[in-house]
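# predicted model, plus sequence, below.
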Amino acid sequence: MKKIFFPVLIGLVAAGCTPKQSSIPEEWPWEDPTPVVTPSEDPSESPSEEPSEDPSDEPAGPGWAEVKDNSFGELPEGIRLYHATNLLDRQAEAWLATVDLTQQEFHVWGLNDPKLSGTKEPFQTPEKVYNAQGKPVLVMNGGFFYADGGTYYTASLAVENGKLLSPNINYASLDWVTMYYPTKAGFIRHKDGSMEAAWTYWVNASQHYIYQIPAENGYGKTPLKQPSSSFPEKGVKFEAQTAIGAGPVLLKNGEIKDTYTFECLQADKDVNCANPDPRTAIGATEDGLLVLFVCEGRNMTEGVKGYSTGEVAQILKDFGCKEAVNLDGGGSTCLLVNGKETLKPSDGHQRAVGSCVYIK
């Protein structure tokens, strides 16, 4: 079977997470952390006589409080915004939005690169995506990406309205001698409306699969064979209405996975999975709410270090997520609410990225 290679340097696949030197402005444009009101603090709220059947009325997970003022403008029905300043007994600046997809639409913008051959289409900041896509309510950065010689590449899955914009990259190596073929994470909303975190592998348009378990690769191990219709298990032909990829898978069927080793992501480089960092993730609750998550890190707010991918998995599980995937983090992490930034990006400004998710 023909193998697919690209002229990139080691580590560029996850370049979106790599720290970059930047001049941090002395004064941030962000205001002090948004005032939040919990139900117990708001005297205007009185207990309902009967519990609501609307899943969006369920209380937030530990550490989270709903933002109920208008600091980010009006939010439409079906979208709720939460803020946390302490998670897992550690100082945080984290934001989370829940989306009822019976009332709002889930979209993906990404470079149009369905064969992973590169494009002249440039990366875009979330702000540019916000303006180009009709000013959606929520915009969040998406998957991994890299550039080489004036050509732009996406390394992660992106599907919009049933069209494959790009698959997950299908190889990994530290030395370009020993080659691995890892199954990579994808967060998928199927055409029937169901959502899942899964592992995918792409060879070509007719050989693109979804798996419920990963191929158990790992740097330092003997590489496993290339995934196929029958390995690491029987593959299901890839299908999605909307999808975004990166890695690792954080939650599957309510269980913490954090499969960065199997996905050939390093613990202390690239995505820096085992160490605290700014993070972006996407997930779904048991009740079918879409969840968008970001957290600050690298002491952009004093004392806020960020979280490892395993810790993000725990945070999202505590919130009530059943499925979740880690997206590009570090300097790429960004969530806009009605065009307004929620946290301080670690580059000191928004980074141009290869894909974004947005809600409108």
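Nice, I can see it.
# any stretches of this protein with poor pLDDT?
Along the chain, the model assigns pLDDT under 70 to residues 1-59.
# top helix in it by residue count?
If you go by DSSP state H, the chain has its longest helix at helix 309-319.
# show me the contact partners of it.
Under the criterion C-beta atoms under 8 Å, 6 or more residues apart in numbering, residues 60-64, 87-88, 94, 96, 248, 250-251, 254, 256-258, 260, 271, 273-274, 276, 279, 281, 283, 285, 291, 293, 295, 307, 324, 326 lie in contact with helix 309-319. No exception for glycine: its C-beta is placed from N, CA and C like everyone else's.
# just the buried members of those residues?
Buried members of the contacts of helix 309-319, scored by 16 or more other C-beta atoms under 10 Å, are 60-61, 63-64, 87, 94, 96, 248, 250-251, 256-258, 260, 271, 273-274, 276, 279, 281, 283, 285, 291, 293, 295, 307, 324, 326.
# so how far is Gly186 from the nearest residue to Gly339 once chain neighbours are set aside?
Using C-beta to C-beta, 6 or more residues apart in numbering and skipping the chain neighbours, the partner closest in space to Gly339 is Tyr130 (5.3 Å). Here the criterion is C-beta to C-beta, to the nearest Å. By it, Tyr130 lies 24 Å from Gly186.
# more neighbours: which of those two?
Between Tyr130 and Gly186, Gly186 has the larger neighbour count (other C-beta atoms under 10 Å), namely 29 against 23.
# would the more buried one count as being in a strand?
Yes. Under DSSP: H, G, I helix; E, B strand; the rest coil, Gly186 falls within a strand.
# all strands of the stretch 101-250 of the chain, in order?
For the stretch 101-250 of the chain, the strands defined by DSSP state E, counting those that start in this stretch occupy 106-110, 138-141, 145-148, 151-154, 158-160, 163-166, 184-189, 195-204, 207-211, 236-237, 242-246, 249-252.
# go through those and pick out the most buried.
Highest mean neighbour count of the strands of the stretch 101-250 of the chain: strand 242-246, a mean of 30 (counted as mean count of other C-beta atoms under 10 Å).
# partners of that one, with directions?
Here strand 242-246 is paired, per DSSP bridges, with strand 158-160 (antiparallel), strand 184-189 (antiparallel).
# any idea which of those gets closest to Ala215?
When the strands paired with strand 242-246 are compared for distance to Ala215 using C-beta to C-beta, the nearest one is strand 184-189, at 9.9 Å.
# chain center to the closest one, what's the gap?
10 Å (C-alpha atoms, centre = their mean, to the nearest Å).
# and the angle for it with strand 106-110?
With axes from the mean of the first three to the mean of the last three C-alpha atoms, to 10 degrees applied, the angle from strand 184-189 to strand 106-110 works out at 140 degrees.
# please begin residue numbering at 646 from this point
Right, with 646 as the first residue, what we last looked at is strand 829-834.
# got the CA positions of strand 829-834 in PDB?
Taking Å, rounded to 0.1, in the frame of the first residue of the first chain, the C-alpha atoms of strand 829-834 are listed here in PDB:
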ATOM      1  CA  LYS A 829      -5.900   9.800  15.500                       C
ATOM      2  CA  ALA A 830      -8.700  11.500  17.500                       C
ATOM      3  CA  GLY A 831     -11.900  12.900  15.900                       C
ATOM      4  CA  PHE A 832     -15.000  14.400  17.400                       C
ATOM      5  CA  ILE A 833     -17.800  13.500  15.100                       C
ATOM      6  CA  ARG A 834     -21.400  14.500  14.800                       C
END
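# between that strand and strand 852-856, how many degrees?
With the same axes, to 10 degrees applied, the angle from strand 829-834 to strand 852-856 works out at 80 degrees.
# okay, how far is it across stretch 772-783, tip to tip?
11 Å (C-alpha to C-alpha, to the nearest Å).
# check stretch 758-769 too.
End-to-end span of stretch 758-769 (C-alpha to C-alpha): 15 Å.
# how about that stretch: buried residues?
By 16+ other C-beta under 10 Å, the buried positions in stretch 758-769 come out as Asp758, Pro759, Leu761, Gly763, Thr764, Phe768, Gln769.
# pull the contacting residues for the third one.
Spelled out, it's Leu761. The contact partners of Leu761, taken as C-beta under 8 Å, 6+ apart, are Ile649, Phe651, Tyr798, Thr799, Ala800, Ser811, Pro812, Ile814, Asn815, Trp847.
# could you do the fourth one as well?
By C-beta under 8 Å, 6+ apart, the residues touching Gly763 are Phe651, Asp793, Thr796, Tyr797, Tyr798.
# go again with 7 Å.
Counting by C-beta atoms under 7 Å, 6 or more residues apart in numbering, Gly763 makes contact with Thr796, Tyr797, Tyr798.
# now do it against Trp754, distance only.
Distance, Gly763 to Trp754, by C-beta to C-beta: 18 Å.
# the residue lying closest to Lys902 once chain neighbours are set aside: what's it in contact with?
Leaving aside its sequence neighbours, Lys902 sits nearest to Val894 (C-beta to C-beta, 6+ apart; 4.8 Å). Going by C-beta under 7 Å, 6+ apart, Val894 touches Ala830, Ala842, Trp844, Lys902, Thr904, Val970.
# separation between Val894 and Asp837?
Taking C-beta to C-beta as the measure, Val894 falls 21 Å from Asp837.
# what's the answer for Leu869, then?
From Leu869 to Asp837 the distance is 31 Å (C-beta to C-beta).
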